[in-house]
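Chemist: Predicted model follows, preceded by the sequence.
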Amino acid sequence: MTPTSPNPDNQERTSFFGLDIPFLHHLGVVPEYARDGKSRVSLELRPEFTNSFHVAQGGVIMTLLDFAMACATRSAHNHPLGVITIDMNTSFLRPSIGKIVVEGCVLKTGKTINYCEAVVLNDAGEITAKASGTFTLRKH
């Protein structure tokens, strides 16, 4: 994790593999690695990120899945500008609680379109959610 410029609250901002992403910083997402078409990020689930069942709210899970796949795509192309999600399909298999770990990978790279998948793992190593997505490299 590489800090960048301080935010208004005098907390160091997290660099998300070279990008400043305020929403992920706000959530407390930890970028662990992104290289060779694979990525890993994590988040310690806090009460404000849960739903009425006191498990991770689906939007939080989808955010992490999307980011993990995007990081994997950027790392496969060594592309500094970021990527854009074209579509994403998510399946929730069991509740996510505690520390959330998300691993993403590129299934197929192309000149413009990249196919990816990502999984959310719980502390026992079980998959709690999974996603597939299509991404394109940002041009400017």
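Modeler: That came in fine, so what should we check first?

Chemist: what ranges of this structure fall below the confidence cut-off?
Modeler: Along the chain, segments meeting pLDDT under 70 span 1-13.

Chemist: go again using 80 as the cut-off
Modeler: Residue ranges of the chain with pLDDT under 80: 1-14, 79-81, 140.

Chemist: And the strands in it?
Modeler: With DSSP state E as the criterion, the chain has strands at 2-6, 12-15, 30-35, 38-44, 83-92, 99-108, 114-121, 127-137.

Chemist: so of those, which one's packed in deepest?
Modeler: strand 114-121 (a mean of 22; mean count of other C-beta atoms under 10 Å). Quick note: C-beta positions are derived from backbone N, CA and C, even for glycine.

Chemist: longest helix of this protein?
Modeler: Looking across the chain with DSSP state H, the single longest helix is helix 58-77.

Chemist: other SSEs contacting it?
Modeler: If you count contacts as 3 or more C-beta pairs under 8 Å, 6 or more residues apart in numbering; DSSP states H and E, helix 58-77 packs onto helix 22-27, strand 30-35, strand 38-44, strand 83-92, strand 99-108, strand 114-121, strand 127-137.

Chemist: hey, C-alpha coordinates of it in PDB?
Modeler: These are the backbone C-alpha positions of helix 58-77, laid out as PDB (Å, rounded to 0.1, in the frame of the first residue of the first chain):
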ATOM      1  CA  GLY A  58     -24.400  -6.600  -1.800                       C
ATOM      2  CA  GLY A  59     -23.200  -3.300  -3.300                       C
ATOM      3  CA  VAL A  60     -20.000  -3.400  -1.200                       C
ATOM      4  CA  ILE A  61     -19.300  -6.900  -2.500                       C
ATOM      5  CA  MET A  62     -20.000  -5.900  -6.100                       C
ATOM      6  CA  THR A  63     -17.700  -2.900  -5.700                       C
ATOM      7  CA  LEU A  64     -14.800  -5.100  -4.500                       C
ATOM      8  CA  LEU A  65     -15.500  -7.700  -7.300                       C
ATOM      9  CA  ASP A  66     -15.500  -4.900 -10.000                       C
ATOM     10  CA  PHE A  67     -12.300  -3.400  -8.700                       C
ATOM     11  CA  ALA A  68     -10.500  -6.700  -8.500                       C
ATOM     12  CA  MET A  69     -11.300  -7.500 -12.100                       C
ATOM     13  CA  ALA A  70     -10.400  -4.000 -13.200                       C
ATOM     14  CA  CYS A  71      -7.000  -4.300 -11.400                       C
ATOM     15  CA  ALA A  72      -6.400  -7.700 -13.000                       C
ATOM     16  CA  THR A  73      -7.100  -6.200 -16.500                       C
ATOM     17  CA  ARG A  74      -4.800  -3.200 -15.900                       C
ATOM     18  CA  SER A  75      -2.000  -5.400 -14.700                       C
ATOM     19  CA  ALA A  76      -2.300  -7.700 -17.800                       C
ATOM     20  CA  HIS A  77      -1.700  -4.800 -20.100                       C
END
